[in-house]
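Undergrad: Okay, predicted coordinates and the sequence, questions at the end:
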Amino acid sequence: MDVKGNNMSEHEHDHIRKNVRSRYAEIAKTNNRGCCSTSCCSSFPANGADVSARVGYSTKDMQAVPEGSNMGLGCGNPQAIANLKEGEVVVDLGSGGGFDCFLAARKVGASGRVIGIDMTPEMVSKSRENAGKGKYKNVEFRLGEIEHLPVADNSVDVIISNCVINLSPDKKQVFREAYRALKPGGRLAISDVVAVKELPDHVKKDLAAHSGCVAGAALVSDTKAMLAEAGFSSVKVDINEASREFIKDWFPGSGVEAYVASAIIEAEKN
């Protein structure tokens, strides 16, 4: 099975989604930390704060959110590039425990709104519980697939995401949906894992590596092409070469860090 999603049937897409949903439901229920399977990542930091510090969050960021919302599932910090403003509407694709949503809520203020979207019921329940702990009035969480966003056309100022789009078997549809939801002048600011060279076949076919944020990574050139095809302009993909230092801990000894890296991806809707 080609887990990148090229020429796959809907049945194959659903098989991948089911695997990813199962993995992240387990994380939500057990409070495991990190992007990849604990069975293959014994050296990966178990503390969400440790993981988030490695990918670019400050101590202040981590102390500002409700306990349990920072699950260490990111590969970068989209907040650093989103340039969020008071009153904006923000959507977070694959919102997990709500970490990035709660940080965004502080920036958009009471006149703004943050919508977290996740396809895993257990994650949505967890993030809603966390929102209650923090008494957030400008944040909500919706159950849905990022390929079929439960938001209206032209209704969003900024779309953020952290290490999630690589998990989708249909990235073209994710970018089309993001474009549809954004207002004219809206922007995409995401952190994700991309492939810097073609992944070996045995990695592409490994579902554990897919739910572990590796096997589904699209080539940088393909990512740019998919965004342009969806209608985006001013597309930028900036590779974080230092990310290989933590990616090598996701699947120790596999050498995947030679093929993938974390990147900041930006684009605009005209």
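TA: Noted; the coordinates are in hand.

Undergrad: In three-state terms, how would V237 be classified?
TA: Using DSSP: H, G, I helix; E, B strand; the rest coil as the criterion, the local structure at V237 reads strand.

Undergrad: pretty sure it contacts K224?
TA: Yes. At 6.0 Å, V237 counts as touching K224 under the criterion of CB atoms under 8 Å. No exception for glycine: its C-beta is placed from N, CA and C like everyone else's.

Undergrad: where exactly do the strands run in this structure?
TA: Secondary structure of the chain, counting by DSSP state E: strands at 89-93, 113-118, 139-143, 156-162, 182-195, 233-240, 260-268.

Undergrad: Distance check, G144 against P121.
TA: In this structure, G144 lies at 11 Å from P121, with CB to CB, to the nearest Å as the measure.

Undergrad: Compare those two (neighbour count), which wins?
TA: Between G144 and P121, counting by other CB atoms under 10 Å, G144 is the more crowded of the two (17 against 12).

Undergrad: wait, doesn't that one sit right on P150?
TA: Yes. At 4.1 Å, G144 counts as touching P150 under the criterion of CB under 8 Å.

Undergrad: Common neighbours of the two, please.
TA: I117 (CB atoms under 8 Å, 6 or more residues apart in numbering).

Undergrad: Number of residues surrounding M226?
TA: The criterion is other CB under 10 Å. On that basis, M226 has 19 neighbouring residues.

Undergrad: so who does it touch?
TA: Counting by CB under 8 Å, 6+ apart, M226 touches 171-172, 175, 218.

Undergrad: Output the residues you listed in JSON lines; the columns should cover distance to L73 and neighbour count.
TA: Compiled in JSON lines, the contacts of M226 are given as follows (distance: CB to CB, whole Å; neighbours: other CB atoms under 10 Å):
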{"residue": "K171", "distance to L73": "18", "neighbour count": "24"}
{"residue": "K172", "distance to L73": "24", "neighbour count": "18"}
{"residue": "F175", "distance to L73": "21", "neighbour count": "26"}
{"residue": "A218", "distance to L73": "19", "neighbour count": "24"}
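
Undergrad: before we move on, back to that, can you check which residues contact both of G144 and P121?
TA: Contact with both G144 and P121 is made by no residue, according to CB under 8 Å, 6+ apart.

Undergrad: that older thread, turn the strands of the chain into TSV, including mean neighbour count.
TA: Putting those into TSV (neighbours: other CB atoms under 10 Å) gives the following:
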stretch	mean neighbour count
strand 89-93	26
strand 113-118	26
strand 139-143	18
strand 156-162	26
strand 182-195	22
strand 233-240	14
strand 260-268	23
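
Undergrad: quick one, which of these is nearest to M71?
TA: strand 156-162 (10.7 Å; CB to CB).

Undergrad: that older thread, out of the strands of the chain, which gets nearest to S52?
TA: Closest to S52 of the strands of the chain is strand 156-162 (CB to CB; 9.9 Å).

Undergrad: Relative to N166, how far out is L199?
TA: Distance of L199 to N166, given as CB to CB: 11 Å.

Undergrad: anything in contact with each of the two?
TA: Looking at what touches both L199 and N166 (by CB under 8 Å, 6+ apart), the common residues are 214, 217.

Undergrad: Tell me which of the strands of the chain lies nearest to A49.
TA: strand 156-162 (15.3 Å).

Undergrad: which secondary structure elements does the closest one contact?
TA: With contacts defined as 3 or more CB pairs under 8 Å, 6 or more residues apart in numbering; DSSP states H and E, the secondary structure elements packing on strand 156-162 are helix 79-82, strand 89-93, helix 99-108, helix 171-181, strand 182-195.
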